[in-house]
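[1] have a look; sequence and predicted model below, questions after that.
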Protein chains: 2
Amino acid sequence: MSSSTNVEIINFGDELLVGIRANEHLEYLGAELARYGLPVRRASVICDANEEIRASFNNAMARSDLIITTGGLGPTSDDLTRETIAEVLGEELVHDSTVEAAIRNYFQAIDRPMAEHHRKQCYVFKGGEVLQNKKGTAPGLYFRSQGKTVVLLPGPTQELRPMFIEEVIPRLRRDDYLRASVAFIQLRTCGCGESSIESRIKPIVDAEPDLQVAYCAHYGIVDIRLSSRTGLLDYDDLERISQAVARECGDDFFGYGGGSLAEVVHKRLRDTNGTLAVAESCTGGMLSDAFTNISGASKTFIGGIVCYSNEVKVSQVNVPESILMQHGAVSSECAIAMATGVAEGLSAHHGLSVTGFAGPEGGNKNNPVGTIHIGYHSPAGVWSKTVRYTGGRLDVKARAVHAALDWMRRELMQSSASK
Amino acid sequence: MSSSTNVEIINFGDELLVGIRANEHLEYLGAELARYGLPVRRASVICDANEEIRASFNNAMARSDLIITTGGLGPTSDDLTRETIAEVLGEELVHDSTVEAAIRNYFQAIDRPMAEHHRKQCYVFKGGEVLQNKKGTAPGLYFRSQGKTVVLLPGPTQELRPMFIEEVIPRLRRDDYLRASVAFIQLRTCGCGESSIESRIKPIVDAEPDLQVAYCAHYGIVDIRLSSRTGLLDYDDLERISQAVARECGDDFFGYGGGSLAEVVHKRLRDTNGTLAVAESCTGGMLSDAFTNISGASKTFIGGIVCYSNEVKVSQVNVPESILMQHGAVSSECAIAMATGVAEGLSAHHGLSVTGFAGPEGGNKNNPVGTIHIGYHSPAGVWSKTVRYTGGRLDVKARAVHAALDWMRRELMQSSASK
């Protein structure tokens, strides 16, 4: 990481430490800041106890230049961030009547009275700035103290995200924290393991002494992130290297940045005016969901059938009962029938299907738990493919969804290449 | 948090800091450790840089008793955890031929040769224990150093989780880290805001000076976690208090622990031999997915139709074209037709439907972006309900799924009460 600004994020909240909630704030803020050339160097998750907030914030002040905290600005008694940080820094909190008016307006709009315990949210750092909260009551706070910039953001996701974009980013730009250039380039691959990828691209990497490469594997996808160790490589250099890496990865490479496999499939379909319907058994809606997470998905994605029971496979997807009797619902024959059945039934050009045993129950001798059959129907024909995964139910579901999307991506790529 | 053991987790990996991947390890390990009375007190996410690994680990050694790290044990060159921690602690790494044999076996089983760069994974802490990795190549490491217990776990989820349960938990028990008693009780509620819940249960909370209460709100669900501040309250006390809190929350309370709304609905249906089919437009498979995440879901969940296009609403869910023309696809009339249509079409007792504008595109004067219509069909009749949310596309989808599940839960509760 080549940025000279030391950025640190502290997420406050017991719920993040005892497994009640995933820390999606770090993922979100890390991605946004990295886009602007400000990679986060350290992050901590701290429980809602006065002495821990104190210790973690003191550490952060000693080693970082820009400190962003999330959580603990709410009205309840376990919300201690504002008060504790003011105490640590020796800064004064003052009542802000504009904030109180905004909170009163918020409650008026939803036709409820403002409860007394919201009053503590009206206190702000003297000399600091208030970040408007359009989606809730807790204002964010932005201030300088002891030569450092401190930003306090509320915990609820739907309040934090718009506040970060609309209120924090412009101030970071004003205060010269944001770089114009991109700090790293990410390539996404599917179908090849992490260490094989490293071996394949080793000659390219070895030729660039200042190149830093990081890998991240998840559910069959391997991301490769290229950055400059000391800043000697500029954006053009990184782009040149990433193109060489992409070429070396061949068909396993599917895109730059954070775009999903479903987005790649959606774009290819859109470019050829193709439409898609899906039939899912063990993935239970996750494959459909991957498409409908894309804004504008309706241009290519018509719909899906979650045919969890055999009856629904027959009645809604037209799987012949004879296939279920002879081969069973977890078979490549059934996957093929599902792909064709859903494409024809929903009048789509393409049909994609998944059937398998996600576990922990189910499975048989030929198809142990983790066996997944994928079917793909296109105007050119219909094919099936079998994959097998270890892991828990949710792991197997996620891997099966990636496998189906990746296969369809490759088939679409081949068919457009052969034209 | 009343535990006297200071537990700290350090997650290594650039990808966790720049928004490429959510830190699901912290969520998982935090939940597992909390179940055994070992709440995590601090957690950090650290980039894969030698000096940062060094600094974070030194800090952890100074303040914590049990340190668990994840990531950085792989074969690639950015995997530095094992070597850097050995250096910091002045501990020796020795080659382990059993580990090398296990890695060779792993590659033999998948019919690939063992690449040379896997050799560094064969080095273990002298005097430490090796944690077997059944799902990959990197062994975990468990050792004592300077009076502290250190556990190094591999980064891939499917390797980490079984290793933690099968290899780490038994050793923590042997070394007297695990408590027999439960450290906290969590109640889950839906339908009431965080601060209203706090007001409602205030009299109960105020009567218990040693009670610690934490709240966590996500997508319409508010979790309440009760624990003993200094350990004065035992499990029976916490159970008594949690029952009082549950009574006070009334119908908004839906369960203890981590069970989802879909699980509550599934169990109620199972108890009455009821079956369910769902029809989704804007939630695009997420509602089906919530059910199929439950092992054994097929006992009640028959299937679902993701009717993203109007054509599919008509052809697969039997929505009359006249409704689409007169009221549009985003209307309570359409939600009702979808709920009945999918229940009848898939031969289920109950039908649940969601249609709306998840955004950022779409919406009209009567139904702005964020408007969601839910339909519920049961043997007793069919009803609709309209809700409205702010936030991004994925937020609105997640809230709509919770709203639909919560409404069906309440209806099932009422119908069983009236019998």
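    Nice, thanks for sending it over.
[2] what's the closest non-adjacent residue to residue A:344?
    residue A:318 (7.2 Å; Cβ to Cβ, 6 or more residues apart in numbering or on different chains). In short, each C-beta sits where N, CA and C put it, glycine included.
[3] contacts only, for the one you found.
    A:337, A:341, A:344, A:345 (Cβ atoms under 8 Å, 6 or more residues apart in numbering or on different chains).
[4] what's the neighbour count on residue A:83?
    Residue A:83 has 15 neighbours, counted by other Cβ atoms under 10 Å in any protein chain shown.
[5] what residues are up against the residue nearest to it when sequence neighbours are not counted?
    Distances taken as Cβ to Cβ, 6+ apart put residue A:93 closest to residue A:83, at 7.1 Å, once the chain neighbours are dropped. Contact analysis of residue A:93 by Cβ under 8 Å, 6+ apart lists A:82, A:83, A:86, A:123, A:124, A:125, A:126.
[6] just say helix, strand or coil for the second one.
    With DSSP: H, G, I helix; E, B strand; the rest coil as the basis, residue A:83 sits in helix.
[7] any weak-confidence spans in chain A?
    The model of chain A has pLDDT under 70 over residues A:1-3, A:19-21, A:179-182, A:419.
[8] how is it divided into domains?
    What automatic domain parsing lists as the domains of chain A is A:7-174, A:184-256, A:261-417.
[9] quick check: end-to-end length of the second one?
    Across its full length, domain A:184-256 reaches 11 Å end to end, with Cα to Cα, to the nearest Å as the criterion.
[10] for chain A, longest helix please?
    Counting by DSSP state H, the longest helix found in chain A is helix A:393-417.
[11] that one vs chain B: in contact?
    Yes: Helix A:393-417 lies within reach of chain B by Cβ under 8 Å from any Cβ of the partner chain, at A:393, A:394, A:395, A:397.
[12] tell me the one among the contacts of residue A:93 nearest to residue B:66.
    Nearest to residue B:66 among the contacts of residue A:93 is residue A:83, at 30.5 Å by Cβ to Cβ.
[13] if we can go back for a sec, want to throw the residues of helix A:393-417 next to chain B into CSV with neighbour count?
    Supplementary listing: these in CSV, determined by neighbours: other Cβ atoms under 10 Å in any protein chain shown:
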residue, neighbour count
A:393, 20
A:394, 15
A:395, 20
A:397, 28
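[14] pick the one among those closest to residue A:286.
    Closest approach to residue A:286 among these (Cβ to Cβ): residue A:397, at 5.5 Å.
[15] let me know whether the closest one touches residue A:286 as I believe.
    Yes: assessed by Cβ atoms under 8 Å, residue A:397 is found in contact with residue A:286 at 5.5 Å.
[16] which neighbours do the two share?
    residue B:292.
[17] near chain B, which residues of the stretch 101-250 of chain A?
    A:115, A:117-118, A:135, A:156-158, A:161, A:184, A:186, A:194-196, A:198-199, A:212-218, A:223, A:225.
[18] the residues you listed in helices, which ones?
    Reading helices off these with DSSP H, I get A:157, A:158, A:161, A:194, A:195, A:196, A:198, A:199.
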